[in-house]
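Q: how does the following fold in three dimensions:
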Amino acid sequence: MLSRRAEIAARFDAHASDYEKYAQLQRGVAARLAEFLPALMRPRVLELGCGTGLFSRELLARYPDGEFVLSDLSPRMLHVCRRNLGETAQSVVFEVADEGARASAPFDLIAMSMALHWFPDPRATLAELRRRLAPGGRLVFATLGPDSFAEWRAALAATGLPSGLVTVPELPGVIEQDRLVPDTTTLDFLRRMKMVGGITPLQGYAPLQPGALRRAIRVADAKYGGRITWDIVYGSLGPHLENLSTPSMSPA
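A: Residues are numbered from 1 along each chain as shown. Here you go, the predicted structure:
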């Protein structure tokens, strides 16, 4: 049996070539997160879960003189990211790793757009990443919030079915929140999730049988009009206090 990490990588590998055809929501989130990027000169930047480069393009445009490490769990997504960045990829190191483990700290900026919710413990991940920041550095993220897909979860519960969706806890550093409803039917929501690799269930979850899935879809359509909400939170954090005695690598 594949580990959850391997399952996530395999699903994103499978959809890497056409991911951006269906990632309109993720593209909008990347553009919104870019509004919270700090002013930095020649920063050293680590992006985790870079995918096909939706947010990477924002980073390279904002910091043309920066030094970048782009990391993802999916080799295929990294391949597409490299292709999408074109000539700008000359300033980039690509790593197949979920936490950029081989990239040495400190960093002036660490960024994650729609990736943090895939980590087993998002709060612990944020705490560890803050230790990899240079003094004056920032960690910025956009991720699913605790209220994501509440209507679908409720429909599953109403039909006595388990949910395999990830649950994200309250996170430190949240500065903004958006509630997005991009689909008009529950089936469209599920199709979107499938095409962007977003339905990898929790470890040990048994997929619903077709009949059970249809019942839950009918409940969600009848009770909520098929409108399933994405709760997106945006955050910004500085380094841990113990980091502040370390010399900065580049000025803010």
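Q: what does the one helix or strand G211 maps to rub up against?
A: Assigned by DSSP states H and E, G211 belongs to helix 210-224. Applying Cβ atoms under 8 Å, 6 or more residues apart in numbering, the set of residues contacting helix 210-224 from outside is 151-152, 154-156, 158-159, 161, 185-187, 190, 208, 226, 228. In short, each C-beta sits where N, CA and C put it, glycine included.
Q: distance from the helix or strand just after that helix to the middle of the chain?
A: Next in sequence after helix 210-224, counting helices and strands by DSSP H and E, comes strand 230-237. From the chain centre to the centre of strand 230-237 is a distance of 10 Å (Cα atoms, centre = their mean, to the nearest Å).
Q: mean confidence for strand 230-237?
A: Over the span of strand 230-237, the pLDDT mean works out to 98.
Q: may I have that strand exported as CSV, CA atoms only?
A: C-alpha atoms of strand 230-237 as CSV (Å, rounded to 0.1, in the frame of the first residue of the first chain):
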residue,chain,number,x,y,z
TRP,A,230,-13.7,26.9,-0.3
ASP,A,231,-12.5,28.7,2.8
ILE,A,232,-9.1,30.2,1.9
VAL,A,233,-6.9,31.8,4.6
TYR,A,234,-3.8,33.9,3.9
GLY,A,235,-1.1,34.3,6.5
SER,A,236,2.2,36.0,7.1
LEU,A,237,4.7,35.1,9.9
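Q: hmm, back to that, of the contacts of helix 210-224, closest to M112?
A: Using Cβ to Cβ, I228 comes nearest to M112 of the contacts of helix 210-224, at 23.0 Å.
Q: sorry, back to before: in the helix holding G211, what counts as buried?
A: Across helix 210-224, burial judged by 16 or more other Cβ atoms under 10 Å covers L213, R215, A216, I217, V219, A220, D221, Y224.
Q: many thanks, have a good one.
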